[in-house]
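Participant: Show me how the following folds:
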Amino acid sequence: MGADDKTAGTDALKFWSNRPVEIDETKTAIGKYVSLDCEFVGVGHEGKRSVLARVSIVNYYGAVVMDEFVRPEEKVTDWRTWVSGIRPSDMQNAKSFKEVQYKVADILKDRVLVGHAVSNDLKVLLIAHPKRLIRDTSKLAAFRKVSKGRAPSLKKLAKEFLGIDIQGDEHSSVEDARACILLFRKFKDDFQKLEQARESKGYLKKTKGAKANALVPTIEEA
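Facilitator: Numbering: from 1, shown residues only. All right, here's what the predicted structure looks like:
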């Protein structure tokens with residue numbers, strides 16, 4: 001892993017250790033399901049433009065599969081540490097965008113991807129993933145009820161359905177990825193029904209006859 005044990009641990013593992021959640025780090029195999037989350041820093045004038053700075057992936061049981069810091073190609077003008085949890089010192093062992101991008105694409109290949117508004121993360125990573133292999137916690141009807149039909153925040157979902165508080169201070173992409181996979185596990189049947197409904201309505205018509213390589217996440221050129 002690119003981020004050291006302290007980064008991947010104290011900001012996430014310590015948080016979860018006292019709570020009644022089913023994180024099992026002994027089950028380290030990647031498996032069929034993975035959960036992805038990213039953190040960003042600011043570049044440009046007043047740091048208003050966001051660029052990727054950290055990518056974390058956990059498996060079905062919440063064990064860390066990947067946790068890498070990404071070296072921004074532009075000068076960082078706002079580390080956003082108060083929300084991103086990222087500091088200049090984290091860049092000492094950071095990888096290039098391309099290195100991280102290819103590693104993520106390799107992990108995602110043929111796997112079900114779980115995330116919160118995960119299309120945004122994929123867009124930043126310049127990776128295309130088959131829609132039928134995506135489970136987005138921001139789109140489940142049961143979750144949207146708590147925000148009056150709007151896309152709910154992950155923080156709100158974690159509190160409402162898992163009974164835990166996340167993102168209290170600095171964010172952790174490991175912590176957020178774990179919250180997503182726990183929500184998915186708790187409502188797995190609902191996600192399955194949603195996917196079946198999409199299939200019956202023909203949402204996946206284009207992919208049904210696709211060749212095998214259509215299942216491979218596509219790396220898009222910037």
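Participant: Surely Phe40 and Lys48 touch.
Facilitator: No: under the criterion of CB atoms under 8 Å, Phe40 makes no contact with Lys48, lying 11.5 Å away. No exception for glycine: its C-beta is placed from N, CA and C like everyone else's.
Participant: These two: which has the busier surroundings?
Facilitator: Between Phe40 and Lys48, counting by other CB atoms under 10 Å, Phe40 is the more crowded of the two (22 against 10).
Participant: This protein: strands as residue ranges?
Facilitator: 33-43, 49-59, 64-69, 76-78, 112-115, 127-128, 134-136, 218-219 (DSSP state E).
Participant: Go through those strands and find the least confident stretch.
Facilitator: For the strands of the chain, mean pLDDT drops lowest on strand 218-219, to a mean of 66.
Participant: wait, which of the strands of the chain is closest to Asp165?
Facilitator: Nearest to Asp165 among those is strand 33-43; the distance by CB to CB comes to 16.8 Å.
Participant: Minimum distance to Phe143: which of the strands of the chain has it?
Facilitator: strand 134-136 (9.7 Å).
Participant: Contacts made by the closest one with the rest, please.
Facilitator: Here strand 134-136 makes contact (CB atoms under 8 Å, 6 or more residues apart in numbering) with Tyr33, Val112, Leu113, Val114, Gly115, His116, Ala117, Val118, Ser119, Phe184, Phe191, Glu195.
Participant: So in terms of bridging, what pairs with the second one?
Facilitator: For Val112, the beta-bridge partners under DSSP bridges are Tyr33.
Participant: Can you get me a residue count around it?
Facilitator: 20.
Participant: From what I see, it and Tyr33 are in contact.
Facilitator: Yes: here Val112 reaches Tyr33: they are 4.8 Å apart, a contact under CB under 8 Å.
Participant: on that earlier part again, okay, the strands of the chain in TSV with distance to Ile23 next?
Facilitator: Formatted as TSV, the strands of the chain follow (distance: least, CB to CB, whole Å):
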stretch	distance to Ile23
strand 33-43	12
strand 49-59	9
strand 64-69	10
strand 76-78	31
strand 112-115	15
strand 127-128	26
strand 134-136	18
strand 218-219	31
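Participant: closest to Lys103 out of the ones you listed?
Facilitator: Using CB to CB, the strands of the chain put strand 64-69 closest to Lys103, at 6.4 Å.
Participant: Sheet partners, orientation included, of that closest one?
Facilitator: Neighbouring strands of strand 64-69 in its sheet, by DSSP bridges, are strand 49-59 (antiparallel).
Participant: And the contacts of strand 134-136, which of them are buried?
Facilitator: Using 16 or more other CB atoms under 10 Å as the burial test, these include Tyr33, Val112, Leu113, Val114, Gly115, His116, Val118, Phe184, Phe191, Glu195 as buried.
Participant: For these, which two are the farthest from each other?
Facilitator: His116 and Glu195 (17.1 Å).
Participant: Quick check: the spatially closest residue to Phe184 that is not a sequence neighbour vs Phe187, distance?
Facilitator: In space, and not counting its chain neighbours, Phe184 is closest to Val114: 4.6 Å by CB to CB, 6 or more residues apart in numbering. Separation of Val114 from Phe187 (CB to CB, to the nearest Å): 11 Å.
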